[in-house]
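Novice: Turn this into a structure:
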Amino acid sequence: MKISVVGSINMDMTVTAERIPLKGETLHGDTLNYIPGGKGANQAVAMARLGAEVEMYGCVGDDANGKQLVEKLAKEGVITEHIGVVEGVPTGVAMITVGENDNTIIVVAGANGCVDRAYVDSIADSLKESSLVVLQHEIPIDTVEYIVDFCDKNNIDVVLNPAPAAPLALSTIEKITYLTPNEHEAKILFGDVATEDLLKKYPEKLIITLGSKGVTTCLKSGEVLLVPARKANVVDTTGAGDTLNGAFSVKMAEGADIKSALEFANVTASLSTEKFGAQGGMPTREEVLKEMGA
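Specialist: Coordinates of the predicted model:
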């Protein structure tokens, strides 16, 4: 049962400071770290930590960052056989500021922009082996829509985490199995519609993350379900959403019901905030089950 992630592979340049600076303001930083990241790679690592068979598809540059990131993914147990190496294009970079238990992120796509239709065609046979394909918005939106169409034609379930926020065609949304925006991303996708109305329109498809309040969806019975967040001793929230998406994807691929999958994902994401770094804080399945008392 292979889960495939088609998405971004970045080097995160993470600065910690007392707080996030205001517009036009200069602050003294505390530390600077270079940490493997990218929403796609983060979600793949989260799944591998939880024991899933997961393959990463995407592109890196022919530079030191690209080599290091592919090696790190392989070390985590992620299959890297089909990651493309693009000559003359830098590996993607994310510049992250962490302060006051929150963060801001600016992403420079680099080689992630080379994850195009031609690349998807080159991995099509391998993708067909997937039980689930996981996507985000740090590769071209045209590619995301192309992969959704591919999966629809081949009866492969799709999880789309639409971050960073960008509009999607409604025809694409209809073909997605699970859509996991936060509140801001949901407004970009659907406009200023009441959350409950949106959830009821897409039962057990639309899953909206609410930060410290937890995560919500509508069951097929019509009941709106809110899974509250676990209280955490927060160190760094970077990658928490990616951890939630990875954990949710693993449980759904295993055949769990959506309520138990979200409960598991919420605890996994909460645990990830108690350590520094997007991937560094991601827990193992044993750690999650212990926290859940299982």
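Novice: now the helix or strand containing residue 199, how far from the centre of its chain.
Specialist: Counting by DSSP states H and E, the element that carries residue 199 is helix 195-201. Averaged C-alpha coordinates place helix 195-201 at 22 Å from its chain's average position (Cα atoms, centre = their mean, to the nearest Å).
Novice: can you give me the strands for the stretch 101-250 of the chain?
Specialist: Under the criterion DSSP state E, counting those that start in this stretch, the stretch 101-250 of the chain contains strands at 102-108, 130-136, 157-161, 178-179, 207-209, 215-218, 224-227.
Novice: Looking at those, which is nearest to residue 28?
Specialist: Across the strands of the stretch 101-250 of the chain, residue 28 has its closest neighbour in strand 102-108 (16.6 Å, Cβ to Cβ). All C-beta spots, glycine's among them, are computed from the backbone N, C-alpha and C.
Novice: Run through who's touching that closest one.
Specialist: Residues lying outside strand 102-108 but in contact with it, judged by Cβ atoms under 8 Å, 6 or more residues apart in numbering, are 8, 10, 20, 92-97, 138, 164, 236-238.
Novice: what lines up beside that strand in the sheet?
Specialist: Counting by DSSP bridges, the strands paired with strand 102-108 are strand 92-99 (antiparallel).
Novice: Just confirm residue 46 is within a strand.
Specialist: No - read with DSSP: H, G, I helix; E, B strand; the rest coil, residue 46 is helix and lies in no strand.
Novice: and it, what pLDDT?
Specialist: According to the per-residue confidence, residue 46 scores 97 in pLDDT.
Novice: do the same with residue 60
Specialist: Looking at residue 60, its pLDDT is 98.
Novice: One more: residue 193?
Specialist: Residue 193 is assigned a predicted lDDT (pLDDT) of 91.
Novice: What ranges in the stretch 151-294 of the chain fall below the confidence cut-off?
Specialist: For the stretch 151-294 of the chain, the stretches flagged by pLDDT under 70 are 294.
Novice: Let me see the ranges of the helices in it.
Specialist: Ranges of helices within the stretch 151-294 of the chain are 170-175, 183-190, 195-201, 240-253, 258-272, 285-292, based on DSSP state H, counting those that start in this stretch.
Novice: on that earlier part again, residues in contact with the helix holding residue 199?
Specialist: 183, 186, 190, 206, 208, 216-218, 222, 224.
Novice: So how do I select the buried members of these in PyMOL?
Specialist: The following PyMOL line selects those of the contacts of helix 195-201 that are buried, judged by 16 or more other Cβ atoms under 10 Å:
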select buried, resi 186+190+206+208+216+217+218
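Novice: JSON lines please, covering the contacts of helix 195-201 and showing distance to residue 24.
Specialist: What follows is the contacts of helix 195-201, written out as JSON lines (distance: Cβ to Cβ, whole Å):
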{"residue": "183", "distance to residue 24": "27"}
{"residue": "186", "distance to residue 24": "30"}
{"residue": "190", "distance to residue 24": "33"}
{"residue": "206", "distance to residue 24": "38"}
{"residue": "208", "distance to residue 24": "33"}
{"residue": "216", "distance to residue 24": "36"}
{"residue": "217", "distance to residue 24": "40"}
{"residue": "218", "distance to residue 24": "43"}
{"residue": "222", "distance to residue 24": "49"}
{"residue": "224", "distance to residue 24": "42"}
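Novice: For the nearest residue to residue 252 once chain neighbours are set aside, give me its contacts.
Specialist: In space, and not counting its chain neighbours, residue 252 is closest to residue 261: 5.3 Å by Cβ to Cβ, 6 or more residues apart in numbering. Applying Cβ under 8 Å, 6+ apart, we find residue 261 in contact with 247-248, 251-252.
Novice: Dump these to CSV, plus neighbour count and distance to residue 285.
Specialist: Formatted as CSV, the contacts of residue 261 follow (neighbours: other Cβ atoms under 10 Å; distance: Cβ to Cβ, whole Å):
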residue, neighbour count, distance to residue 285
247, 31, 9
248, 30, 14
251, 21, 10
252, 21, 15
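Novice: Closest to residue 269 out of those residues?
Specialist: Using Cβ to Cβ as the measure, the one of the contacts of residue 261 that approaches residue 269 most closely is residue 247, at 6.8 Å.
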